[in-house]
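Enquirer: Can you look at this prediction? I've put the sequence above it.
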Amino acid sequence: MVSLIEEIEVETSKLVEEFIATLDLSYNTVISYAGILKRYVCYLNEHKINHPKEADLVKYKNNYLKKKVRSATVQKYVVVLRKFYRWCYRHGYYGDISQGLTGEKIVPTFKREALTIETVKKLLHKAKLRAKKSLNNFRDYVIIRLIIVTGLRTIEVSRANVEDLGKLNGIDVLYIQGKGHDDKDSYVKLPKDLRDLIDEYIRKRNTEDEALFSNHGPHSVNSHIDSKTISLNVKNLLRAIGVDSIKYTAHSLRHTCATLALKNGCSIQEVQMLLRHKSLTTTTIYAHNIEREDNNAEFVVDRLLNKKR
């Protein structure tokens, strides 16, 4: 006799597998959908929910997901679950129990803060001094400079190959595989001093490595530096200049790029293109942060309270 738990696993898991097989999406998106639905099946299994109803789905969102993940992640789960159950409905497996599942309001917050221009210069100075000591240190200096100027993510730096360097209308560029993309269908522009620095690094390492930025050591031949190593090296350099807070990481360099661009005349649309945000709303958060930084309303009120009659 099949137990209740086994019945849950067989029925829902098979539906999930069939649904995933029908998705005409990028590889990374399919993997993401599969992970979300696998975790949902585990939840049903743990709570012995054999045939989920609308109330079960709402409870899963409000009593389980919202206690464990950020609002943006909850919204992603909502989107995937809606698609799954609408697919189930079209194929006659279930009624559409996702009708009562409302979207989650995404709270736009940054995990990481941007650095001031003074701190950026201090960081680059420290990295440049260390660059004289070893090839690894020189590589780290180039990477930091690259992220600050172009706003690349660490994973995009990690994926880059030498062959991705090129020219477009006479301008040096680096073609990149962006977040959620399978191809290198975007690019960032490289000012001459930055391109020269990258070329110097490639000459110094003197290898045929395809990776733009490599691991250097006896057991690291022809391997891309991974994003975790980049993050760790940036964090160590930040600590070396006295910046030791969870607010400041390698990803802060991307925020710094956006903030400096906006503060120095670039439009929100230009920064959106630079960072490759799908939604302008995401980029607008940077502008709001800058406006709040320059807003001294508290001091205005305080001066009024202390003003002598």
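Expert: Alright, I've got the coordinates.
Enquirer: Which elements pack onto the host helix or strand of Leu305?
Expert: Assigned by DSSP states H and E, Leu305 belongs to helix 297-306. Applying 3 or more CB pairs under 8 Å, 6 or more residues apart in numbering; DSSP states H and E, we find helix 297-306 packed against no helix or strand. In short, each C-beta sits where N, CA and C put it, glycine included.
Enquirer: Tell me the gap between it and the middle of its chain.
Expert: 40 Å (CA atoms, centre = their mean, to the nearest Å).
Enquirer: Can you show me the CA trace of it as PDB?
Expert: This file holds the C-alpha atoms of helix 297-306, laid out as PDB (Å, rounded to 0.1, in the frame of the first residue of the first chain):
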ATOM      1  CA  ALA A 297      15.000  68.600   6.200                       C
ATOM      2  CA  GLU A 298      15.800  67.500   9.800                       C
ATOM      3  CA  PHE A 299      18.300  70.200  10.200                       C
ATOM      4  CA  VAL A 300      16.000  72.800   8.800                       C
ATOM      5  CA  VAL A 301      13.300  71.900  11.400                       C
ATOM      6  CA  ASP A 302      15.900  71.800  14.100                       C
ATOM      7  CA  ARG A 303      17.100  75.300  13.200                       C
ATOM      8  CA  LEU A 304      13.600  76.600  13.400                       C
ATOM      9  CA  LEU A 305      13.100  75.100  16.800                       C
ATOM     10  CA  ASN A 306      16.300  76.700  18.100                       C
END
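Enquirer: Counting neighbours, which bits of the longest strand along the chain end up buried?
Expert: Counting by DSSP state E, the longest strand found in the chain is strand 171-176. Under the neighbour-count criterion of 16 or more other CB atoms under 10 Å, strand 171-176 has Asp172, Val173, Leu174, Tyr175, Ile176 buried.
Enquirer: State the next helix or strand along the chain beyond the lowest-mean-pLDDT helix or strand in the chain.
Expert: Across the helices and strands of the chain, mean confidence by mean pLDDT, DSSP states H and E is lowest for helix 4-22: a mean of 71. Using DSSP H and E, the helix or strand that follows helix 4-22 towards the C-terminus is helix 27-46.
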